[in-house]
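Chemist: Give me the fold of what follows.
(2 chains)
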Amino acid sequence: MNDLSQVQDLVIYAWWFALGFSLLMYIVLDGADLGAGVFSLFVRDYRERGAIMAAMAGTWDANETWLVVAGGIMFGTFPMVYGSALHYLMLPLLIVLLSIMMRAVALEFRHVSGQTQWLWDGLFGVGSLTTLFFAGMAMGAVLKGYPLDGGQVPTYPGGLLRFISPFSVWTGVGAVIAASLAGGLFIRARFQRTEVIRVHAAAWINHAFHLALVAVFVTVVWSLSIFDWAADKWLGPYFWVWLIPGAATVFATFRMRRATRRGHDLAAILWLNAAIAIMWLAMMFTLFPWIVPHTWTVYAAASPSTSLFTFMLTMGSFLPVMLAYNWYQYWVFRARVNKLTGYGE
Amino acid sequence: MDPFALFLTRLDFAWVTTFHFIYPPLTIGLSVLLFFAEWRWLHTGNEGWYRLVRFFGRLFIINFGAGVATGVVLEMAFGILYGPFSQAAGPYFGVVLGYETITAFMYEAGFIGLMVFGWGKISRRMHLFATFNVALSSTLSAFWIMNANSWMQTPTGVELRDGIFHVTDWWAAIFNPNFLSGFPHMWVAALELALFFVIGVCAWSVLKGRHVELFARPLKYALLAAVIITPLQIYVGDVLGHAVGNTQPAALAAMEGHYYTHNADGSVNTTWNVLAWPNDAEGRNDWALGIPHALSLIETWSLYGVVPGLDQFKPEDRPPVWVPFYSFRIMLAIGFFLFAVALWGGWLIARGRMTLKAMAGNRWFLRVAVFSAFLPFLAIWTGWWVREVARQPWLVTGMMRISEGVSQMSVAAAALWLASFMAFELFVWFFTWYFLAKVIRQGPDMDTPVVAEGQEPLGYLEATPDEDESQPAYVRPYGGRP
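Modeler: Have a look, this model is predicted:
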């Protein structure tokens, strides 16, 4: 019996990790696309805007799908969180879904749009911005936790505006800043070296980088001051453990800056992604065993039907295949673009 | 919960489902047909097939974009609008949706980029492989989605303990009775829809005298396929109807407006209502136009077979009749109408009146064919409404009611959702069909050279050694007109 529950716990941890991994993939991959969308709001030349869209044309759909994958994993293995958190986050998610919808149709319709091109360019940029802000806000709102009713299966009792707090507004801003940095690096890496837009992107990256440094610092201090689960871990007896991811993040950030300066565009993106991944993992372990602080632990939220078998089937066979064709897709579409690449003229 | 808020919340979900459901069936069906055409191109080297693939490929991607855009909403909508249901049914329902995202949604996303933008960047065979994978993955997607829905109709293999569905038998849950005919019915519907879409587009072009030599062949092929597919669909639908009759008798009674098991004189009520004025409050039809013995014949294969009416069920377990009754009849009428159109086309072909020269002369047939392209969309909508409304008041038949599974929404929250998605999804629908019409009017691109084997520079995407000197031929992503 004890052995069995140990196996069950291991399966739950594994799924918890898989969920975190999918969300991380989404943040890293779509974050750059969304950031480039925000950047496009400041681009005057319609051909450059088209080229930004062309630069992600072959991959944006797959990037966005990681969010759906994360949703699927959460629905199947942590249904308690899925059914309550999504209801709690109804309003920000409503706006995110509408924004994603507008971005998707903008990307697909611009080719054939003709005179309405300005409309799709605008929807693409604005949709990117609102997706980022409200997704970031949703993330901050989850960290605050939410109430549950006392039913047999505890669920969210309703309340449309409870997600709004100074902290969640701040995380929304933080998401825009972080993605702006990623988007700038994406533009640098995806355009041919002779393109003027890369010069603009360099200045953009510089600003976004300094803002991001401030944003991370503020978020950490703010979390420490209002979240007991964060303070317990970071200032607890094992405080020195948390210095390791901290130092690793600083190192990755430093390497990102160096790569940016030297024109190693792909390396800069990868170092940024490494920094994000380290911070994300650190956040997951800070939260543990909560998935939603003071609301759901991984154990209480897990589906009773999670089994080693379904986990192995998913992670052992489907996920590697998925990563393989994702990688192939990136490989096929790796070449740089220029503003004459022409996306729907 | 406020009854009006409950009603709005149900409408919220009905709306996003209905306005997502316009797109995926065409994606599923058309990807199969695109694969066929591309395979013919590689096999015969006939350039016409290539032009068709590129032309219908442009239509495909417009529709696909709208499908993805509206589809992401649906997954999240379960958690938002049906939170308690998501929590309780997650152990089965959520896992199935999870598999859909991993084995189908992501799979499709992985190859759609290659299929659309990969022309010339990957070899022709690799491109055909990408198209094949898009077709397979969209079919897999239908498999899982239909599985989740049919499990709600006939929830086998699970046990409801402490408010949560525990899976006791995965095999029984996946291959639940409704799924066995429900999935084929949906898949064939997608194929039928795509065939009539192709028939409609080709017929319109022939009618306008545009590229008749190009569109003649797919028109004939699609008509011949429809001669087989349309009766097949009627047959599969009948099998599904029997499955519903066996597993959800109340749903069947609602679909048929069948209130009384027995007539007032004690004889068996065997009448199949063609038209009726259902009155749920009093549990009878105010008037009905029916064919005696037809219902018993259809359902039990005998003249006097007993078909349970709604009077066999407690009032609180009865579905509403109006929507399923009329939706079912509209779907049925369209199914038979399309069968007739297919037979008409087949007859014209058999009589040799669909040759290149004579084809444009069949003006009335071509007009009807264009009209027929719109009907499958309505048939699929109405078919889905039958499924969803006839299952009421259950969310999971016999195990969980709508009121137990729905999120506690205020009227304001539910109305906000409805208003935003009404506005946005009508906007998406309008532009999707507007752009489809635009591309159809433009017609196929017959001039751009056939894409080379894995060398086409997509714009200037390929890094050429002397970028400044050379002017690589610029070819647009889908071979659109310059």
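
Chemist: The residue in the stretch 51-200 of chain B positioned nearest to chain A and residue A:75: what is the separation?
Modeler: Among the residues of the stretch 51-200 of chain B, residue B:90 lies closest to chain A, at 2.1 Å counting by Cβ to the nearest Cβ. Glycine gets a C-beta too; all of them are placed from N, C-alpha and C. In this structure, residue B:90 lies at 6 Å from residue A:75, with Cβ to Cβ, to the nearest Å as the measure.

Chemist: okay, and the common contacts of these two?
Modeler: Between them, residue B:90 and residue A:75 share these contacting residues under Cβ atoms under 8 Å, 6 or more residues apart in numbering or on different chains: residue A:82.

Chemist: Contact residues of the stretch 301-450 of chain B facing chain A?
Modeler: Counting by Cβ under 8 Å from any Cβ of the partner chain, the stretch 301-450 of chain B comes close to chain A at B:407-410, B:412-413, B:416-417, B:420-421, B:424-425, B:428, B:431-432, B:435, B:438-439.

Chemist: Just the buried residues from those residues, in PyMOL please.
Modeler: Paste this into PyMOL to select the buried members of these, with burial taken from 16 or more other Cβ atoms under 10 Å in any protein chain shown:
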select buried, chain B and resi 407+408+409+410+413+416+417+421+424+425+428+431+432+435+439
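
Chemist: Have a look at the chain and report the helix or strand with the lowest mean pLDDT.
Modeler: I'll assume chain A. Taking mean pLDDT, DSSP states H and E as the measure, helix A:308-311 is the helix or strand of chain A with the lowest mean score, a mean of 67.

Chemist: not quite, I wanted chain B
Modeler: The helix or strand of chain B with the lowest confidence, counting by mean pLDDT, DSSP H and E, is helix B:106-117 at a mean of 83.

Chemist: which residues make contact with that one from outside it?
Modeler: Judged by Cβ under 8 Å, 6+ apart, the contacts made with helix B:106-117 from elsewhere in the structure are A:57-59, A:61-62, A:64-66, A:68-69, A:322, A:325-326, A:328-329, A:332-333, B:57, B:61, B:64, B:68, B:122, B:126-127, B:130-131, B:133-134, B:136-138, B:140-141, B:458, B:477-478.

Chemist: From these, list the buried ones, please.
Modeler: Among those, those that count as buried by neighbour count (16+ other Cβ under 10 Å) are A:57-59, A:61-62, A:64-66, A:68-69, A:322, A:325-326, A:329, A:332-333, B:57, B:61, B:64, B:68, B:122, B:126-127, B:130-131, B:133-134, B:136-138, B:140-141, B:458, B:477-478.

Chemist: In a strand, residue B:278, correct?
Modeler: Yes: according to DSSP: H, G, I helix; E, B strand; the rest coil, residue B:278 belongs to a strand.

Chemist: OK, now which residue of the stretch 1-150 of chain A is nearest to chain B?
Modeler: Nearest to chain B in the stretch 1-150 of chain A, going by Cβ to the nearest Cβ, is residue A:79, at a distance of 2.1 Å.

Chemist: Wait, residue B:149 touches residue B:387, no?
Modeler: Yes: taking Cβ atoms under 8 Å as the contact criterion, residue B:149 and residue B:387 are neighbours in contact, 7.0 Å apart.

Chemist: Which one of those two is surrounded by more residues?
Modeler: Neighbour tally, residue B:149 and residue B:387, criterion other Cβ atoms under 10 Å in any protein chain shown: the higher count belongs to residue B:387, 25 against 21.

Chemist: where does the stretch 151-300 of chain B come near chain A, residue by residue?
Modeler: Proximity of the stretch 151-300 of chain B to chain A is assessed by Cβ under 8 Å from any Cβ, with B:162-164, B:166-167 identified as the residues in range.

Chemist: so where does the nearest residue to residue B:233 once chain neighbours are set aside fall, helix or strand?
Modeler: For residue B:233, the nearest residue in space outside its immediate sequence neighbours is residue B:188; the separation is 4.8 Å by Cβ to Cβ, 6 or more residues apart in numbering or on different chains. Counting by DSSP states H and E, the secondary-structure element that holds residue B:188 is helix B:177-207.

Chemist: before we move on, what about residue B:286?
Modeler: strand B:284-291.

Chemist: Distance from the chain centre to that strand, please.
Modeler: Shown here is strand B:284-291, whose average C-alpha point lies 31 Å from the average C-alpha point of the whole chain (Cα atoms, centre = their mean, to the nearest Å).

Chemist: What of stretch A:115-130?
Modeler: A distance of 21 Å separates the centroid of the chain from that of stretch A:115-130, by Cα atoms, centre = their mean.
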